[in-house]
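A.B. asks: sequence plus predicted model, see below.
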Amino acid sequence: MIRESQDVIVKTLARLLVPFIVIYALYVVMHGHHSPGGGFQGGVILAASFVLLAISQGLDKIRQRLSEKTAGILSSLGVLIYAGIGLLCLLLGGKYLDYGKLSKLLPVEPAQARSLGILGVEIGVALAVMAVMCLIVFTIFSFDEDSGGDE
Amino acid sequence: MNDFVLGHYNYWMFIGLMMIGFYAMMAKKNLIKKIIGMNIFQSAIILFYISTSAKRGGVSVPILEHAAGGHGSHGVDVAHYANPLPHVLMLTAIVVMVATLGVAVAVTLLIYKRYKTIEEDEILMKIKEGSSAPKELVDVRSQKDSIKLRTNIEYRTRNVEL
Amino acid sequence: MIIPFDIILILFIFICAIAAITVKDLLSAVMILGAYSFFMCLLWTQMAAVDVAFTEASVSASIGTVLLIGAVYKTKRRSKD
Amino acid sequence: MEVTLLVEATENAFRILGDARKHAEGIIDSALELTSEETRHHEAKRIQEIFTGAQKRKTAFQNFIGTAVILYAFWVLLSGQFDAFHLTLGAICCIVVAYLYHDLLFANTRVGDMRVVAWRFITYIPWLMVQILMSNLHVASLVLRRKMPINPQVLTFKTKLETDISCVALANSITLTPGTITMDIRDGVFYVHALSKKVADELQTGAMEDRVAHIFMEADHLYVQDVLDAANIYAALRT
Amino acid sequence: MKIFSLISAVVVGVALIYGTMDMPEWGDPNSPASTHVSPYYLEHSIEHAATPNVVTTVLADYRGYDTLGETTVIFTAGIAVVLLLRKRRKTGGEDDE
């Protein structure tokens, strides 16, 4: 169980830094085409922002932002986005995960459609990784209190 | 000979790190030390794969220049970029590494909760004694047979803990 | 590529790996493992694998360290060997 | 410098005092017309609200807009690609993040002073640089001497700063300056480790603290408190 | 026990060193790993997917199945950790305590 930090410096600087960390993580996810990065890295940086908030504000406050139930839903939603894009390509007449066929839906040529498909897949991966990493960290850090509390 | 040693130095590195990790996984009694050894082992394997992708002589990262310049597949000089395939394989391997690390830590926490120690020899001793198990959990029939007792306790433990 | 830099990095990597498995304080061992991950990440940048280096820096050195710190925090800090 | 600051602050104070007096008179006059105790109590509350208006927190929507704008600037700085697709992506991301985290960036700030704070902070940085340079030279001269005449000590002082952010700015300024390190802040008391007598004395003069207070308008805040007290006394005298 | 571990680690290391005798040298541009499929990826990445970062293209497009399975592995790991560590609150009841 992580309690709220008593140190005013840690609290204030975490409060100021977290929105920028989140924006940086989203930048990493969205610009995976042009620079190093992608779903895995961005998702893990997002999870790290939640860990920083948990260190500074305590785990209970973080549960109001991202409860474990929401994290579970988000992780399965991420995998579902990935598989769903693949299935969409299947329905549009291509092979599974053949994003070129998305150009029937979107007003772009097939190469651009593949690029957009990659972006959607990366977002799904980022959601899944973020939720799973948060879930693992929160579960491990609240282990004793969770299971030993009412015995 | 000198050429051989210098030309293969990535393999020596990977073998050395792998031996360190392997030794830690086998010889160290502490479970967290074992997890650390596993981590080093995995990084060594990843290092091996990445080093096969490197090319001599000023290669660039596998991000193509003149990105927006249309369909210029002819302008790409393959020898000028590092091999992207091992990068992809190892990128996924790193994330799987952390996932396995999470599961390993979870199992370690369960073991600690059950036996109050993370030293392997003490755990084995406690399993042999059967002393740490609460009385009602130990099946009376298999008191004498320690192997049976052990499986039984583990089975019971799973029942209780999970 | 740059041989002296490579040699220094390899030296640090080996020192960190050996220290991580010999130190008896588990928290120190975990932190040394984080340092090991960062040196590894530098080495991979040296080998033009920026994506892998970025992944290692964000995944293994941050979340892995957090997970291991959680394990040490929930169990014992001292190790017998 | 100090004198001009003082004059400026005093002028501000007098202006605020005048405004406050006008408000107070109007409200109290209207309150006197309504004789019931209930309404008088209500009017007293309104006086309080007017005087504390300068310290009123920003609303959630203002926070949201401010956070989104700052984050979007950060996004453009990172991205460096100015086609419509990436800019739209950035806008969507910034709006989502600002919606989720609008309570983090602007906690404990007062209405309408962000620009002033930013400007004063920018002008504070060169001064801090000069301080850092000076104490760098001092510490270097200390440790390069053969006898190393250092005199480590821990000094504690109570700060007059009130908000978290100004405490953090002061603590980090102290830590950035070589020779002094903030070890802890507990209930407004700073525990600072100083390397020698000279840096400790410099810190004790409180110049840095005054400047940080000036940045975050803590001094103005004190004047508002004074005006509030004066108005209370005035109201008490009138009734 | 420690001696045994050390010996086996060294034996494995020697076996690996014997195995690396035939491996290509470090940074050989004509090694088998660099000549088989990766030139295709490098040459056609922009043409097929309009993405300069070849690693992203291979990760999410050419080898999308791989990444899908890998995301599933992470998801499974998360579920495994939660199932291992979280206590059941509603079901079970008495015989759990």
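C.D. replies: Okay, I see it. Numbers count the residues shown, from 1 in each chain, chains lettered A, B, ... in the order given.
A.B. asks: what secondary structure does residue A:106 sit in?
C.D. replies: Put simply, residue A:106 is coil when judged by DSSP: H, G, I helix; E, B strand; the rest coil.
A.B. asks: neighbours of the nearest residue to it once chain neighbours are set aside, just the number please.
C.D. replies: Closest residue in space to residue A:106, ignoring its immediate chain neighbours: residue A:113 at 5.6 Å, by CB to CB, 6 or more residues apart in numbering or on different chains. For the C-beta atoms, the positions are set from N, CA and C on the backbone; glycine is no exception. Neighbours of residue A:113 under the rule other CB atoms under 10 Å in any protein chain shown: 22.
A.B. asks: list the buried residues for the helix or strand hosting residue A:113?
C.D. replies: Here residue A:113 sits within helix A:110-141, counting by DSSP states H and E. Residues of helix A:110-141 classed as buried under the neighbour-count rule (16 or more other CB atoms under 10 Å in any protein chain shown) are A:110-141.
A.B. asks: cool, stretch B:10-26 as well?
C.D. replies: B:10-26.
A.B. asks: ends of stretch E:18-25, what's the gap?
C.D. replies: Stretch E:18-25 has its terminal residues 14 Å apart, counting by CA to CA, to the nearest Å.
A.B. asks: now, which of the buried residues of stretch B:10-26 lie within strands?
C.D. replies: The members of the buried residues of stretch B:10-26 all map outside strands under DSSP state E.
A.B. asks: is chain E contacted by stretch A:52-66?
C.D. replies: No: using CB under 8 Å from any CB of the partner chain, stretch A:52-66 stays clear of chain E, with a minimum separation of 13.5 Å.
A.B. asks: what's that stretch in contact with?
C.D. replies: Contacting residues not belonging to stretch A:52-66 are listed as A:1-5, A:10-11, A:14-15, A:17-18, A:21, A:50, A:134, A:137-138, A:141-142, D:100 [CB atoms under 8 Å, 6 or more residues apart in numbering or on different chains].
A.B. asks: so for that stretch, mean pLDDT?
C.D. replies: Stretch A:52-66 carries an average pLDDT of 88.
A.B. asks: ok, stretch C:60-73 next?
C.D. replies: So the average pLDDT for stretch C:60-73 ends up being 91.
A.B. asks: before we move on, what about stretch B:130-149?
C.D. replies: pLDDT averaged over stretch B:130-149 gives 52.
A.B. asks: contacts for the lowest-mean-pLDDT helix or strand in chain E next, please.
C.D. replies: The helix or strand of chain E with the poorest confidence is helix E:32-35; it has a mean of 84 (mean pLDDT, DSSP states H and E). Surrounding helix E:32-35, the residues in contact under the criterion CB under 8 Å, 6+ apart are B:52-53, B:55, B:83, B:85-86, E:24, E:28.
A.B. asks: for chain B, what's the longest helix?
C.D. replies: Longest among the helix segments of chain B by residue count, using DSSP state H, is helix B:84-115.
A.B. asks: give the contact list for residue A:67.
C.D. replies: Shown in contact with residue A:67 (CB under 8 Å, 6+ apart): no residues.
A.B. asks: any low-confidence regions in chain A?
C.D. replies: Counting by pLDDT under 70, chain A contains low-confidence ranges at A:1, A:145-151.
A.B. asks: which bits of it sit near chain B?
C.D. replies: Within chain A, the positions lying close to chain B (CB under 8 Å from any CB) are A:34-36, A:38, A:40, A:44, A:111, A:129, A:132-133, A:136, A:139-140, A:143-144, A:147-148.
A.B. asks: what about 6 Å?
C.D. replies: By CB under 6 Å from any CB of the partner chain, the residues of chain A that approach chain B are A:40, A:136, A:143.
A.B. asks: next one: chain C
C.D. replies: By CB under 6 Å from any CB, the residues of chain C that approach chain B are C:10, C:17, C:20-21, C:26, C:29, C:33, C:40, C:44, C:47-52, C:55-56, C:59, C:63-64, C:67, C:71, C:74-75, C:79-81.
A.B. asks: before we move on, the earlier item: within reach of chain D, which of the contacts of helix E:32-35 are there?
C.D. replies: Applying CB under 6 Å from any CB to the contacts of helix E:32-35, none is adjacent to chain D.
A.B. asks: which residue is nearest the middle of chain C?
C.D. replies: residue C:36 (2.3 Å; CA atoms, centre = their mean).
A.B. asks: what secondary structure does that residue sit in?
C.D. replies: Put simply, residue C:36 is helix when judged by three-state DSSP.
A.B. asks: quick one, what contacts it?
C.D. replies: Residues near residue C:36 by CB atoms under 6 Å, 6 or more residues apart in numbering or on different chains: C:16-17, C:20.
A.B. asks: what residues are up against the residue nearest to residue A:106?
C.D. replies: A:99-100, A:102-103, A:106.
A.B. asks: same thing but 10 Å
C.D. replies: Applying CB atoms under 10 Å, 6 or more residues apart in numbering or on different chains, we find residue A:113 in contact with A:89, A:99-107, E:49-50.
A.B. asks: now do residue E:42
C.D. replies: Shown in contact with residue E:42 (CB under 10 Å, 6+ apart): B:62, B:64, B:73, B:76-85, E:54, E:57-58.
A.B. asks: buried ones among the residues you listed?
C.D. replies: Applying 16+ other CB under 10 Å to the contacts of residue E:42 flags B:62, B:64, B:76, B:78, B:80-85, E:54, E:57-58 as buried.
A.B. asks: out of the residues you listed, who's nearest chain A?
C.D. replies: residue E:57 (7.0 Å; CB to the nearest CB).
A.B. asks: does the host helix or strand of that closest one reach chain A?
C.D. replies: Following DSSP H and E, one finds residue E:57 within helix E:54-57. Yes: against chain A, helix E:54-57 shows contacts by CB under 10 Å from any CB of the partner chain at E:55-57.
A.B. asks: next secondary structure element downstream of that helix?
C.D. replies: Following helix E:54-57 in sequence, per DSSP H and E, is helix E:64-85.
A.B. asks: may I see the buried residues of that following helix?
C.D. replies: E:64, E:67-68, E:70-71, E:74-75, E:77-78, E:80-82, E:84-85.
A.B. asks: close enough to count as contact, residue B:34 and residue B:104?
C.D. replies: Yes: in this structure, residue B:34 is within contact of residue B:104 by CB atoms under 10 Å, at 8.5 Å.
A.B. asks: before we move on, the earlier item: quick check: the residue nearest to the centre of chain C vs residue E:25, distance?
C.D. replies: As judged by CB to CB, to the nearest Å, residue C:36 and residue E:25 stand 26 Å apart.
A.B. asks: buried members of the contacts of stretch A:52-66 into ChimeraX, please.
C.D. replies: In ChimeraX, this line selects whichever of the contacts of stretch A:52-66 come out buried by 16+ other CB under 10 Å:
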select /A:2,11,14,15,17,18,21,50,134,137,138,141,142
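A.B. asks: can you give me the neighbour number for residue A:6?
C.D. replies: Applying other CB under 10 Å, I find that residue A:6 has 10 neighbouring residues.
A.B. asks: could you do residue D:17 as well?
C.D. replies: A total of 16 residues lie near residue D:17 under the criterion other CB under 10 Å.
A.B. asks: so which strand or helix has it?
C.D. replies: Using DSSP H and E, residue D:17 maps to helix D:2-33.
A.B. asks: and that helix, what does it pack onto?
C.D. replies: helix D:37-51, helix D:207-215, helix D:218-238 (3 or more CB pairs under 10 Å, 6 or more residues apart in numbering or on different chains; DSSP states H and E).
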